[in-house]
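[1] with the input below, show me the fold.
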Amino acid sequence: MRSYCLIIVFLTVLYNSCATGAASISENIHRQKRDNFGCDAVVTSCGSRGACCDVHDQCYKEHGCTWTSWFITDSTVANIDQSILTLEASKLLVEKLDLAGAAVIADSLQQAKKIRDQMVACRQCNNDVMSCVVNLNPGPSTCCTAKTCGQPRTN
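    Modelled structure (predicted):
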């Protein structure tokens, strides 16, 4: 329920921002090929909430997130969870029957768990930035003093 409330608040902020510059925000979102210094969309980098974007960028870097994580739903995570359960059962069965392929299943299981953990972490990055934008005023992004806002990150 909390996530849905944050999404509604975020969409309200987005709507209000769009009233003053929908075309430029839309162009900015679609133009993004990779992460840039500062805020990539909606929030002004040098405004009172710009530092929220710095924390979000660091979280994305730490967990290997991309913009596509904004589209991960509870259903997506539930499907991965179901796949993990199926792989675990398959692995046990193959091992019990002493069949070849247990190593392949174990590798697939490990990869599925890694993907699930990344999805959950990236969703949390997004939830945290929405909460920051709505509830906090941490100040401008560090790119404002460094004069790097909008420039692509190289690391």
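
[2] for the chain, what are the low-confidence residue spans?
    1-34, 155 (pLDDT under 70).

[3] name the element the most centrally placed residue in the chain belongs to?
    Centroid-nearest residue in the chain: residue 122, 3.6 Å away (criterion: C-alpha atoms, centre = their mean). Under the criterion of DSSP states H and E, residue 122 resides in helix 102-135.

[4] next, count neighbours for residue 86.
    When neighbours are counted by other C-beta atoms under 10 Å, residue 86 registers 14. To be clear about C-beta, it is placed using only N, CA and C from the backbone, and glycine gets the same treatment.

[5] how far away is it from residue 105?
    As judged by C-beta to C-beta, to the nearest Å, residue 86 and residue 105 stand 10 Å apart.

[6] got it, and residue 41?
    Separation of residue 41 from residue 105 (C-beta to C-beta): 41 Å.

[7] who has more neighbours, the two?
    Neighbour comparison, residue 41 and residue 105: the larger count goes to residue 105, with 20 against 17 (by other C-beta under 10 Å).

[8] chain neighbours aside, what residue packs nearest to that one?
    residue 91 (4.5 Å; C-beta to C-beta, 6 or more residues apart in numbering).

[9] ok, now residue 102?
    That would be residue 94: by C-beta to C-beta, 6+ apart, it lies 4.7 Å from residue 102.

[10] what are the ranges of the helices in the chain?
    In the chain, the helices defined using DSSP state H lie at 2-31, 50-63, 74-96, 102-135, 143-146.

[11] could those helices go into CSV alongside distance to residue 37?
    Below are the helices of the chain laid out as CSV (distance: least, C-beta to C-beta, whole Å):
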stretch, distance to residue 37
helix 2-31, 14
helix 50-63, 8
helix 74-96, 29
helix 102-135, 15
helix 143-146, 4
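
[12] before we move on, back to that, tell me which other helices or strands the helix holding residue 122 touches.
    helix 2-31, helix 50-63, helix 74-96 (3 or more C-beta pairs under 8 Å, 6 or more residues apart in numbering; DSSP states H and E).

[13] what are the buried residues along the shortest one?
    By neighbour count, with 16 or more other C-beta atoms under 10 Å as the criterion, the buried positions of helix 50-63 are 50-57, 59-60, 63.

[14] would CSV of those residues with distance to residue 131 be doable?
    Shown next, in CSV, are the buried residues of helix 50-63 (distance: C-beta to C-beta, whole Å):
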residue, distance to residue 131
50, 16
51, 13
52, 9
53, 13
54, 15
55, 11
56, 11
57, 16
59, 12
60, 16
63, 17
